[in-house]
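S.K.: fold the following and give me the result.
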Amino acid sequence: MFALIRHPMYLSEILLYLGLLILQPSAIAGGVWFLAVGCLHWIARREEQLLLGRFADEYARYMRDVPMWVPLLRRK
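M.R.: Coordinates of the predicted model:
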């Protein structure tokens, strides 16, 4: 899974909240989804900065080759 996208666990949480939004469409559910997406994106970016500090060029190459969220958006 990590060969297709860099953050599969965070993506699964985003999709979970999207499913809840579809099941219970409301302003509150939309707000929760929006907040979850923002928080998880921030956490993922922070985690990537830590990994770049630790693994430098190796992780930078991984970031270049593997998309962050959508498997079909490869940058090769």
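S.K.: would you state the helices of this protein in chain order?
M.R.: Listed in chain order, the helices of the chain (DSSP state H) span 8-23, 27-65.
S.K.: just the residues contacting the shortest one, thanks.
M.R.: Residues from elsewhere that reach helix 8-23 (CB atoms under 8 Å, 6 or more residues apart in numbering): 1-2, 5, 29-30, 32-33, 36-37, 40-41, 43-44, 69. The way it works is simple: take the backbone N, C-alpha and C, and place the C-beta from them, glycine included.
S.K.: re earlier: got the helices of the chain as TSV, with mean pLDDT and mean neighbour count columns?
M.R.: Below are the helices of the chain laid out as TSV (pLDDT from 0 to 100; neighbours: other CB atoms under 10 Å):
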stretch	mean pLDDT	mean neighbour count
helix 8-23	93	14
helix 27-65	94	13
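S.K.: return the backbone torsion pair for the spatially most distant residue from the centre of the chain.
M.R.: Ranked by distance from the centre of the chain (CA atoms, centre = their mean), the top residue is residue 26, with 23.6 Å. When quoted as degrees, to the nearest 10, the phi and psi of residue 26 stand at phi -160, psi 170.
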